[in-house]
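1. Provided below are the primary sequence and the corresponding predicted coordinates.
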Amino acid sequence: MEKKYGYGGWTKLVHHEEGRAKMLLDGKDFREIKCNCWSASERIQECDADGVDVQPQHTLELARYLNDHIAQVCSENPKRFVGLATVPMQSPDLAVQELKRCMNELGLRGVQIGSHVNEWNLDAPELNPFWEACEKLDAAVFVHPWVRV
């Protein structure tokens with residue numbers, strides 16, 4: 001499978017083992033992925049094994065865990081690190097809730113997000129509450145570029 005991505009390059013999956021593929025960007029190794037990235041049945045089996053009914057259900061818990069760790073590392077090394085939060089963008093209300101906690105309680109300075117949220121571009125109206133919260137909290141927003149394939 002070969003697809004063009006946003007800024008002019010090409011991505012290709014090279015299946016080299018059962019359930020594994022190498023992702024190439026412009027012909028160069030980018031990363032290896034497992035079939036849970038393309039196989040819905042594999043992903044469902046993993047969710048069932050971990051007791052997850054709907055995949056985004058636990059993203060707030062995961063974000064909280066990661067953000068608590070980021071805040072701890074920053075507090076232990078304040079001259080070396082400034083923390084950015086991760087938030088569950090697929091649920092804008094939960095993203096706002098976690099952003100507020102990170103800014104007001106943990107002392108993080110902003111958030112790092114991807115360049116899209118599932119099928120939403122960052123200008124999707126569903127994300128307006130998140131952008132409004134970022135503005136109100138004076139949160140830095142680092143958009144990590146990531147392309148849809």
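-> Received, thanks. It should be emphasised that the depicted structure is a prediction, and the values quoted were computed from it without experimental measurement. Numbering: from 1, shown residues only.
2. tell me the domain boundaries of this structure?
-> Domains of the chain are assigned by automatic domain parsing as 2-49, 55-144.
3. Okay, now the unreliable bits of the chain?
-> 1-11, 54-57, 146-149 (pLDDT under 70).
4. which one's the longest helix in it?
-> For the chain, the helix with the greatest residue count under DSSP state H is helix 59-76.
5. which residue ranges form the strands in this structure?
-> 2-4, 10-17, 20-25, 28-34, 84-85, 110-114, 116-117, 120-121, 140-144 (DSSP state E).
6. what angle separates the last one from strand 110-114?
-> It refers to strand 140-144. 20 degrees (axes from the mean of the first three to the mean of the last three CA atoms, to 10 degrees).
7. what's the spacing between strand 140-144 and its chain's center?
-> 12 Å (CA atoms, centre = their mean, to the nearest Å).
8. and that strand, what does it pack onto?
-> Under the contact definition 3 or more CB pairs under 8 Å, 6 or more residues apart in numbering; DSSP states H and E, strand 140-144 sits against strand 110-114. In this view, the C-beta of every residue, glycine as well, is placed from N, C-alpha and C.
9. Alright, I will stop here.
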